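Peer 1: After the sequence you'll find the predicted model.
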Amino acid sequence: MNKYLIRSCLAAILLFASSSCFSMTSQIHPLEAGLRSIKDHTIYILFVLTIALLFFIYRSLRIKKKYGEVQYKLHENALKQNAELQQTNHFNLMLISVIAHDIRQPFSNIVMLSSVFNTDVDLLTEQEKFDVMSELNETSQNSLSFMDGLLEWIKSQNSEFQYKGSDLVLQDLIFEANSFFKIAQAKKSISIIFDIPARTKVFAHKQMLLFIIRNILNNATKFSPQHGVIHISSYLTAQEIVIVIKDQGPGMSQEKVDRLFKVDSGDLENTKNRGAGLALSISYEMSLMMGIKIWVSSKKGEGSVFYISLKK
């Protein structure tokens, strides 16, 4: 709009100057008229040059302002991208920590079971050998299942990922998830109470739900005292099935409960709890993808209770 306004003003000035010069030159001496005409044209040219200069300065300031705004936005975007990159790198390092932490448990079991054959094989009965080999096979299968769960989560980070659930027998799923920790539970003399009806079914993605339950049971096993009890049960509502996993661990403050499923939780800076904290945040992200709910109630010195609400 400023551009057209300036052009209109220049045209009006030019028209006015031309008409003035014509009227004045018709009434005075030819020599004086010539000098007057030169003077008028000089003034007119200076006026036009002044307008042009002002317009040039105005345009320069506008361009400089826009350039400054572009530079500022580029700088802000660079800072934002740098922060996101640092956060991604930090997250990836913690994810590697989770994988290394969680995969260590089954491999420790495999090493322990296989070492029995290297040291005490002659002392074992055929039934004991069979039991050890069965345990070794089960642990290996569970390790593969764990990796499948991680791969499913990695795939879910792709924008083209499509969630596909299926009907699952809940009791079988709980047994499969807990088989990861049977040796660790036996070492601490932890009792497991299963209180889930045999035919109860839920609709979910198997590997994702296994990953979630496994991580909750991992924490329950890790923080339970010697001779502790882990109680796994379920109850029905009008449209949902709620899984309840209760332990006798040290419990948590309300502040810790409120930030338990957050990736940037302060506990992630703690090497001891980093794996568990990030695994729970990944579990929470998986639950959102499946449309299920996870929450926890806990008090210091009274253990923790995790709830998983699924569609029937």
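Peer 2: Now that the structure is in, tell me what you want to look at.
Peer 1: so Q171 sits right up against T200, yeah?
Peer 2: Yes - using Cβ atoms under 8 Å, Q171 is in contact with T200, at 6.5 Å. Where you see a C-beta, it was placed from the backbone N, CA and C, and this is true even at glycine.
Peer 1: so what's L173 up against?
Peer 2: Residues near L173 by Cβ atoms under 8 Å, 6 or more residues apart in numbering: 202, 206, 209-210, 213.
Peer 1: That one in helix, strand or coil?
Peer 2: Assigned with DSSP: H, G, I helix; E, B strand; the rest coil, L173 falls in the helix class.
Peer 1: One more: M112?
Peer 2: M112 ends up helix, using three-state DSSP.
Peer 1: since we're on it, how many residues are nearby?
Peer 2: 15 (other Cβ atoms under 10 Å).
Peer 1: Adjust the sequence numbering to begin at 7 for everything that follows.
Peer 2: Okay, residue one is now 7; in that scheme the one you just asked about reads as M118.
Peer 1: Was I right to think it contacts K193?
Peer 2: No - between M118 and K193 there is no contact, the gap being 10.0 Å when judged by Cβ under 8 Å.
Peer 1: ok, so of the contacts of L179, who is nearest D46?
Peer 2: L215 (91.3 Å; Cβ to Cβ).
Peer 1: Make sure the closest one is indeed in a helix.
Peer 2: Yes - the assignment for L215 is a helix, going by three-state DSSP.
Peer 1: got a pLDDT number for the closest residue to it other than its chain neighbours?
Peer 2: Excluding its sequence neighbours, the residue lying closest to L215 (Cβ to Cβ, 6 or more residues apart in numbering) is L179, at 6.5 Å. Among the per-residue scores, L179 holds a pLDDT of 92.
Peer 1: any idea how far the residue lying closest to L176 once chain neighbours are set aside lies from V248?
Peer 2: Excluding its sequence neighbours, the residue lying closest to L176 (Cβ to Cβ, 6+ apart) is T206, at 4.5 Å. Per Cβ to Cβ, to the nearest Å, T206 is found 11 Å from V248.
Peer 1: which neighbours do these two share?
Peer 2: S240.
Peer 1: quick one: the strands in the stretch 107-256 of the chain?
Peer 2: In the stretch 107-256 of the chain, the strands defined using DSSP state E, counting those that start in this stretch lie at 172-175, 197-201, 207-210, 235-242, 246-252.
Peer 1: wait, which of those strands is closest to S293?
Peer 2: strand 207-210 (9.4 Å).
Peer 1: Tell me what L174 is bridged to.
Peer 2: V208 (DSSP bridges).
Peer 1: That one contacts H211, correct?
Peer 2: No - look at L174 against H211 with Cβ under 8 Å: they stay out of range, at 9.1 Å.
Peer 1: Give the buried residues for stretch 303-312.
Peer 2: By neighbour count on 16 or more other Cβ atoms under 10 Å, the buried set for stretch 303-312 is 304, 309-312.
Peer 1: Skipping adjacent residues, who's closest to A226 in space?
Peer 2: A226's closest residue in space is D253 (Cβ to Cβ, 6+ apart), at 3.9 Å.
Peer 1: now swap in F187 and tell me
Peer 2: F187 sits nearest to T227 (Cβ to Cβ, 6+ apart), 4.5 Å away.
Peer 1: swap in I198?
Peer 2: I236 (5.3 Å).
Peer 1: Could you report the neighbour count for the one you found?
Peer 2: 23.
Peer 1: That one: what's it in contact with?
Peer 2: 191, 196-199, 223, 226-227, 230, 251-254.
Peer 1: So for stretch 220-234, mean pLDDT?
Peer 2: Per-residue scores along stretch 220-234 average to 91.
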